[in-house]
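J.: Fold the following.
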Amino acid sequence: MKPFNTYESQHMRNITGETLRPGDFSLTDKGIKFCKFSKEDSLLDLGSGMGATVYYIYKKYGIKAIGLDPCDKLINAGMSKYENIKLIHGRGENIPFKDESFKGVLAECTLSLMDDLDTVISEVFRVLKKEGWFIVNDVYAKRPEFIDDMNSFSVNSCMRGLHNLEVLKSKLEHRGFNILLFQDCSHMLKQLMVRTIFTYGSMAIFWNKAMECSVNGCQFEEVLRRCKPGYFIIIAKRGDK
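T.: Below is the predicted model of the structure:
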C-alpha cells in the first residue's frame, strides 16, 4: 500500500500554514542572514512544496531561488498561487542540476522525508558551489533509541522520519560539510503542538484527520511521544572534499 503523504493534507496546512513547518519563516530568515546571501546568489529549496519559501525569499530579500519537489499537486498549486517563481519536479536523491550550481541549498523540514539520506547529502554537496551553504531545519528524536519504532507506520511525514542528530551530524561531516551553527528550536515545535491540541482537541485526533485514518492516530502519537520529538537548525558550509 502506498504511504499517505501528510504534507498534502489540508489539516496539516490548517496548523502549519503553507510553509508546512514550525516557526513559519523565522529560521529561513536566520539562515539567509547567517550566510549573508545577496541578490546575486542562486538558491535551491529542497522539498519546496507549493513554493511559499521561494516566493518569500524573493519578495523579502530579492534573492531568486528554485524550488524542487516530487509532488506535482503541490507544484501546480504553487505555480497558480505565486507569481514569478520557479518550481520543478524532482527528488533530493537525484537533483537535476549541474555541479556547483548554487550558493545555498535549503532543506526546511524536508530532509526527514527523503528516502536515502546519504545520497541526498552527497547530491547537495555536488550542486553547491565551493564554500556554499546547506541550511537544514527539521525534527529529531531526543530519545533516538525509539526511532525504529516509527518504521511500522506507512505514512510520509517529517515526524515519521525523525532524525538521530548525532547520526545526521556525522553524515554531514563525513561528506565534507563543516557545521558552523547548531541551535535547538524545540520551543517552536512545542508551540505548534499546543496550537494543534487547541484546534483539534488532541494530537491523536489531528493525526487521524491529517493522515485520513491511514494509520491509527492514537498509536502513532504514542510512539511519537516515546521518541520525544524536538526541532533544530543546522547551517553547514561545503568544504573541499
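J.: alpha carbons only for contacts and neighbour counts from here, please
T.: Fine.
J.: So which residues of the protein form helices?
T.: Counting by DSSP state H, one finds helices in the chain at the ranges 10-16, 26-35, 52-61, 72-81, 117-127, 165-175, 186-200, 203-210, 217-227.
J.: hey, C-alpha coordinates of the last one in CSV?
T.: In this case it means helix 217-227. Extracted as CSV, the C-alpha positions of helix 217-227 are listed here (Å, rounded to 0.1, in the frame of the first residue of the first chain):
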residue,chain,number,x,y,z
GLY,A,217,-3.6,8.3,15.2
CYS,A,218,-3.5,7.1,18.9
GLN,A,219,-0.8,4.5,18.2
PHE,A,220,1.2,7.0,16.1
GLU,A,221,1.1,9.7,18.8
GLU,A,222,2.0,7.1,21.5
VAL,A,223,5.2,6.0,19.6
LEU,A,224,6.0,9.6,18.7
ARG,A,225,5.8,10.7,22.4
ARG,A,226,8.2,7.9,23.2
CYS,A,227,10.7,9.3,20.8
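J.: Can you check which of the helices of the chain gets nearest to Met150?
T.: Between Met150 and these, the shortest gap by Cα to Cα is with helix 217-227, which sits at 6.8 Å.
J.: partner residues bridging Ala65?
T.: Beta-bridge partners for Ala65, by DSSP bridges, are Leu43.
J.: what's the spacing between it and Pro22?
T.: 21 Å (Cα to Cα, to the nearest Å).
J.: Where does the prediction get shaky in this structure?
T.: For the chain, the stretches with pLDDT under 70 are 1-8, 154-157, 213-215, 241.
J.: quick check: longest strand of this structure.
T.: Looking across the chain with DSSP state E, the single longest strand is strand 128-141.
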